[in-house]
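Undergrad: turn this into a structure:
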Amino acid sequence: MLPRIITRLLLTASCVTAFGMAARADNWPSWRGPGQNGVSHEHGLPVQWGPGKNIAWELTLPGMGGSTPAIWGDRLFLTCAEGKDLLLACVGTDGKLQWKRTVGSSTRGKIRTDEANEASASPSTDGKHVYAFVGSGDLACFDLDGKEVWHVNAQDRYGRFQIQHGMHPTPLLYEDRLYLNLLHGGGHWVIALDKATGKEVWKVARPTDAQGESKEAYASPVLWQNGKDAYLVVLGADYATAHRLSDGGEIWRLADLNPSAKYSTAFRIITSPAASPDLIVVPTCRGTGPIFGISPAAKGLLHPDSPGVLWHNAKGSPDVPTPLIDGGLVYLCRENGLLSALDAKTGQVLYEEALHRARYRGSPVLADGKLYLTSRDGWFSIVKAGPKFELLAVNQLPDEFAASPAIANGRIYLRGFEKLYAVGR
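TA: Residues are numbered from 1 along each chain as shown. Below is the predicted model:
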């Protein structure tokens, strides 16, 4: 009897070990992670770090950038500027630069003197190829060893960008296509490309009556998905719209983001939507902008009082960080470090608490029941997930950060303007 018990215990331990290894083996293939929602399923991640503490390695990068790394297996991919060249770089999980390739070029330096630059859109990978878009309009596909597969320029195809702070949406990689929105003063388009060739699959105009700088948008397209059902959500130029993946046709359109009664010509939207199977969160801009909870089953033209709008808060939108939905809650990180949690069903604010006071550009991520939040000046707040605020730790690194954290294989990767940091054992 004893050997059978021991055998059973050993088998159980083996299963637990195998499960733990599997749980730590998530890739982070795009800006918002494996589920395109900012959520990682890994456990046992560090809560505290800093110089000399839980830093596995740090690597000085070829140049500045604000893109979040895409991670697959033992490789990380990110964009950066080296002189006038806009690069895609590959870094091993051992902290060594494996290769760098030129995607485009630009003589523009930092945006607004001290923000990110033309290497701000994040790359994506499917484990076979990696796709990178930079502010010059260049979009390229490489294999994992750095061989270019195809290259196109969106300005050559779709017209010159007319946007004050540069074109920085992260293309959405889903199944066999790349989806891109280009919303600027010279035109408004939603586009699908064949990921194997870069050829256009479809292009649809996205009408708007926005005026002034409100024509310009910096948000990235987001995927709503529930099983086999999926569509694209695009935000900016005074509207949020949902588009069929098959042909780009509109499913619903949310109006009154920038109400005519108090219309602002400077209502540029930077933050992106967030989606879960039963909710789409539409933010707008700055702390005074409204935020909406939309039913994924909505159809047609929507206003704040339409049946497809589940809730509507008149203010409280983040400016740059994208909302995060998880566990029946919506988390919002404002540009000044004000963190709030909302009930996902009603939009009721459950708490609103101040983090380290600074600018916040990176979007929150969640793993192991914890929120990881990044300030521009290198402070990281770790907050317990849930309806009550509990600050677990505050850490600092000597760098500037516009990228969101990326989590893979038991480590947190933090991309600064100068260095890439691997947090973990």
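Undergrad: you'd agree Leu302 is up against Ile251?
TA: No - judged on Cβ atoms under 8 Å, Leu302 makes no contact with Ile251 at a distance of 10.6 Å. To be clear about C-beta, it is placed using only N, CA and C from the backbone, and glycine gets the same treatment.
Undergrad: helix or strand for Asp377, which one?
TA: Using DSSP states H and E, Asp377 sits within no helix or strand.
Undergrad: what sits against it?
TA: Residues near Asp377 by Cβ atoms under 8 Å, 6 or more residues apart in numbering: 358-359, 400-401.
Undergrad: from Ala119, how far out is it?
TA: Taking Cβ to Cβ, to the nearest Å as the measure, Asp377 falls 20 Å from Ala119.
Undergrad: same question for Gly83.
TA: To Ala119, Gly83 is 12 Å away according to Cβ to Cβ.
Undergrad: and what of Ser276?
TA: Distance of Ser276 to Ala119, computed by Cβ to Cβ: 30 Å.
Undergrad: so between those two, which is more surrounded?
TA: Per other Cβ atoms under 10 Å, whichever of Ser276 and Ala119 has more neighbours is Ala119, with 32 against 20.
Undergrad: chain neighbours aside, what residue packs nearest to the more buried one?
TA: Gly65 (3.5 Å; Cβ to Cβ, 6 or more residues apart in numbering).
Undergrad: what is the neighbour count of that neighbour?
TA: By other Cβ under 10 Å, 29 other residues sit near Gly65.
Undergrad: what do you get for the one 5 residues further on?
TA: Ala70 is flanked by 29 other residues according to other Cβ under 10 Å.
Undergrad: the one 10 residues further on now?
TA: The burial count assigned to Cys80 is 24, neighbours taken as other Cβ under 10 Å.
Undergrad: shared neighbours of Gly83 and Ala119, anything?
TA: Shared contacts of Gly83 and Ala119, defined by Cβ under 8 Å, 6+ apart, comprise Gly63.
Undergrad: distance of Trp252 from Ala210?
TA: Relative to Ala210, and taking Cβ to Cβ, Trp252 is found at 18 Å.
Undergrad: swap in Tyr158?
TA: Here Tyr158 is placed at a distance of 18 Å from Ala210 (Cβ to Cβ).
Undergrad: neighbour count: those two, which is higher?
TA: Each of Tyr158 and Ala210 has its neighbours counted (other Cβ under 10 Å); Ala210 has more, 24 against 18.
Undergrad: looks to me like Pro46 is in a strand.
TA: No - read with DSSP: H, G, I helix; E, B strand; the rest coil, Pro46 is coil and lies in no strand.
Undergrad: so after the helix or strand of the chain with the lowest mean pLDDT, what's the next helix or strand?
TA: The helix or strand of the chain with the poorest confidence is helix 2-23; it has a mean of 40 (mean pLDDT, DSSP states H and E). Going down the chain from helix 2-23, the next helix or strand is strand 39-40, by DSSP H and E.
Undergrad: specify the next element, helix or strand, located C-terminal of that following strand.
TA: Counting by DSSP H and E, the element after strand 39-40 in chain order, helix or strand, is strand 55-60.
Undergrad: which one of Leu302 and Ile251 has more residues nearby?
TA: Leu302 (24 against 17).
Undergrad: what bridges to the more buried one?
TA: On DSSP bridges, the residues paired with Leu302 through beta bridges are Leu254.
Undergrad: check what pLDDT it gets.
TA: The model reports Leu302 with a pLDDT of 98.
Undergrad: look up how far Phe417 lies from it.
TA: From Leu302 over to Phe417 the distance is 39 Å, taken as Cβ to Cβ.
Undergrad: which residue is the nearest non-sequential neighbour of Gln98?
TA: What sits nearest to Gln98 in space, not counting adjacent residues and going by Cβ to Cβ, 6+ apart, is Cys90, at 4.5 Å.
Undergrad: how about the secondary structure of the one you found?
TA: Once three-state DSSP is applied, Cys90 turns out strand.
Undergrad: how about it, what does it touch?
TA: Contacts for Cys90 (Cβ under 8 Å, 6+ apart) come out as 75-77, 97-100, 130, 144, 146.
Undergrad: and with 10 Å instead?
TA: Applying Cβ atoms under 10 Å, 6 or more residues apart in numbering, we find Cys90 in contact with 75-78, 96-101, 123, 130, 142, 144-146.
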